[in-house]
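K.L.:
no FASTA, just this:
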């Protein structure tokens, strides 16, 4: 069928003529330039205009690669010189470095490595200069800091990272802010359903304090953990002095069980009036001894700012629901075999343990053995000590108690050091035990210390160790070269202590 549209036929002829003319023009150009425009522009008039127009300055800068022609090739192009013109050799360290970067981007690693070496020989900080020249701080767009790093909405101020009311509160101020709060019941498990009952939230404060007092007498650590339940209980645990007074004056864990005078004989019998205290000084003590209640009352008013809570935490005291263990390790040179030639002498690593368990009646058990704590602590009782006295019942696993020594203990007071204050006079503990035979008696002096974060009165440091001859009335001091401090360890089988 013959085409009858003259306009369409005219468009075809014009298009063929333009294609032929463009083909002849591109054939006369450099082959490399043909690779730049692979597709013909859709509009002929615009395509012909773009081929003859000079690119703008912005387009020229955009087409320049970052590390290409860093040695002034742009100026050469501006004067119309060929890109194949001779490039001048680099002179400075920075020029060598720039040339090395250019060679590296083109894949010529050998040349770039040689240029890098020359640049660093000339200036060891050339890389910093290159970075400052080509990558200034303004080159990198700084990201705005997130003012609200948590998941809270932007409109809600984040108090977890900054305070809007000045410096953070102290513990005392924080606890004081809980004074007006009440015990809140637990929220319902499902929204819209009634909340579970909370009878303790409706109790009067007097009954609540009475319950807390009973809990503290049974176990102080359980009473303190009540502060983790809610803010109201935290306030009562920290500030209710009535509870802490009962704990301090009681004999369960408080100072009612502390003894500042001898309560027993060395062998555990009742104290006699003519019992002699073997002190280092022969001077007579003129001050009357104070009992435990009187000393506690004086210290409460003077040294601890009338705070029973502070007194219980910081005042030295002995613990009864565990034992104090000293682990001693030292090396001793051995003797080489006479029948064998060796280049070295053997070394013996010696390990032994000291155990101290205190009782509320003023007695103590002292044991020196090589047995490990797991094999000893459960047998540190007066009953087993009497059972194995003299090596009896050797078939029992508690035979280690045959070497246990009976003794007594007391804490220091102003009668031991009248020159210092009553608070500073406390902190030492005196222990007297039986010796290896009836002629001797051992005396120890240790100081109550604290080890670890938050722990109190869990360490006994040696101050002296003596032996006393009851027949000749003279004494000698043991060296403490290898002995280490005692550390308290809780033993659940002791319960609250005996």
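P.N.:
Arrived safely, thanks for sending. Everything numeric in this text was worked out from a predicted model, so none of it was measured.
K.L.:
can you give me the helices in the stretch 301-450 of the chain?
P.N.:
For the stretch 301-450 of the chain, helices defined by DSSP state H, counting those that start in this stretch occupy the ranges 308-314, 382-387, 422-425.
K.L.:
Most tightly packed of those helices?
P.N.:
Of the helices of the stretch 301-450 of the chain, the one with the most neighbours on average (mean count of other C-beta atoms under 10 Å) is helix 308-314, at a mean of 18. From N, CA and C alone the C-beta is placed, and that goes for glycine too.
K.L.:
before we move on, the earlier item: what would the helices of the stretch 301-450 of the chain look like in JSON lines with distance to residue 202 and mean pLDDT?
P.N.:
Shown next, in JSON lines, are the helices of the stretch 301-450 of the chain (distance: least, C-beta to C-beta, whole Å; pLDDT from 0 to 100):
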{"stretch": "helix 308-314", "distance to residue 202": "27", "mean pLDDT": "92"}
{"stretch": "helix 382-387", "distance to residue 202": "48", "mean pLDDT": "94"}
{"stretch": "helix 422-425", "distance to residue 202": "43", "mean pLDDT": "88"}
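K.L.:
right, and the ones you listed - which one's nearest residue 92?
P.N.:
Proximity to residue 92 (C-beta to C-beta) singles out helix 308-314 among these, at 70.9 Å.
K.L.:
chain center to the closest one: distance?
P.N.:
Between the mean C-alpha location of helix 308-314 and the chain-wide mean there is a distance of 26 Å, by C-alpha atoms, centre = their mean, to the nearest Å.
K.L.:
which secondary structure elements does it contact?
P.N.:
Helices and strands touching helix 308-314, as assessed by 3 or more C-beta pairs under 8 Å, 6 or more residues apart in numbering; DSSP states H and E, comprise helix 241-249, helix 292-302.
K.L.:
Figure out which of the ones you listed is closest to residue 474.
P.N.:
Where the helices and strands packed on helix 308-314 are weighed against each other on C-beta to C-beta, the nearest is helix 292-302, at 33.0 Å.
K.L.:
and the angle from the closest one to helix 241-249?
P.N.:
140 degrees (axes from the mean of the first three to the mean of the last three C-alpha atoms, to 10 degrees).
K.L.:
Buried residues in helix 292-302, which are they?
P.N.:
292, 295, 296, 299, 300 (16 or more other C-beta atoms under 10 Å).
K.L.:
Ends of stretch 312-321, what's the gap?
P.N.:
End-to-end distance for stretch 312-321, by C-alpha to C-alpha, to the nearest Å: 16 Å.
K.L.:
Make TSV from the helices of the stretch 301-450 of the chain and add distance to residue 400 to it.
P.N.:
Shown next, in TSV, are the helices of the stretch 301-450 of the chain (distance: least, C-beta to C-beta, whole Å):
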stretch	distance to residue 400
helix 308-314	35
helix 382-387	9
helix 422-425	37
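K.L.:
Quick check: which of those helices is nearest to residue 331?
P.N.:
For residue 331, the closest of the helices of the stretch 301-450 of the chain is helix 382-387, at 32.4 Å, according to C-beta to C-beta.
K.L.:
what helices or strands is that closest one leaning on?
P.N.:
With contacts taken as 3+ C-beta pairs under 8 Å, 6+ apart, helix 382-387 sits against strand 363-369.
K.L.:
can you give me how far the helix ranked longest in the chain is from the chain middle?
P.N.:
Under DSSP state H, the helix in the chain containing the largest number of residues is helix 6-27. Helix 6-27 sits 83 Å away from the centroid of its parent chain (C-alpha atoms, centre = their mean).
K.L.:
Now do residue 120 against residue 88, distance only.
P.N.:
21 Å (C-beta to C-beta, to the nearest Å).
K.L.:
How about residue 170?
P.N.:
Taken as C-beta to C-beta, the span from residue 170 to residue 88 is 72 Å.
K.L.:
Can you tell me which of the buried residues of helix 292-302 has the lowest confidence score?
P.N.:
By pLDDT, residue 292 ranks lowest within the buried residues of helix 292-302, coming in at 76.
K.L.:
sorry, back to before: which of the helices and strands packed on helix 308-314 has the lowest average pLDDT?
P.N.:
Of all those, the minimum mean pLDDT falls on helix 292-302 (a mean of 86).
K.L.:
so where do the strands sit in this structure?
P.N.:
322-333, 347-358, 363-369, 405-411, 428-434, 440-449, 459-469, 474-477, 486-490 (DSSP state E).
K.L.:
Tell me how many other residues surround the residue nearest to residue 312 when sequence neighbours are not counted.
P.N.:
Distances taken as C-beta to C-beta, 6 or more residues apart in numbering place residue 248 nearest to residue 312, at 5.2 Å, with adjacent residues excluded. Other residues within reach of residue 248, judged by other C-beta atoms under 10 Å, total 22.
K.L.:
Retrieve the pLDDT associated with residue 185.
P.N.:
Model confidence at residue 185, given as pLDDT, is 85.
K.L.:
mind putting the helices and strands packed on helix 308-314 in CSV, distance to residue 430 included?
P.N.:
Listed next are the helices and strands packed on helix 308-314 as CSV, based on distance: least, C-beta to C-beta, whole Å:
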stretch, distance to residue 430
helix 241-249, 23
helix 292-302, 15
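K.L.:
so how far is stretch 168-180 from its chain's centroid?
P.N.:
Remark: stretch 168-180 is offset 25 Å from the chain centroid, using C-alpha atoms, centre = their mean.
K.L.:
what sits up against that stretch?
P.N.:
Outside stretch 168-180, the residues within contact range by C-beta atoms under 8 Å, 6 or more residues apart in numbering are 231, 232, 234, 235, 238, 239.
K.L.:
can you pull the buried residues of it?
P.N.:
Buried positions in stretch 168-180, judged by neighbour count with 16+ other C-beta under 10 Å: 175, 178.
K.L.:
All further residue positions should be reported with the first residue as 130.
P.N.:
With 130 as the first residue, the last one maps to stretch 297-309.
K.L.:
could you give the mean pLDDT of it?
P.N.:
Computed over stretch 297-309, the average pLDDT equals 85.
K.L.:
before we move on, what about stretch 148-163?
P.N.:
Mean predicted confidence for stretch 148-163 is 64.
K.L.:
what about residue 346, how many neighbours?
P.N.:
Neighbours around residue 346, by other C-beta under 10 Å: 17.
K.L.:
before we move on, what about residue 352?
P.N.:
21.
K.L.:
for residue 358, same thing?
P.N.:
Neighbourhood size, residue 358 [other C-beta under 10 Å]: 12.
K.L.:
now do residue 544
P.N.:
Residues within reach of residue 544, counting by other C-beta under 10 Å, total 17.
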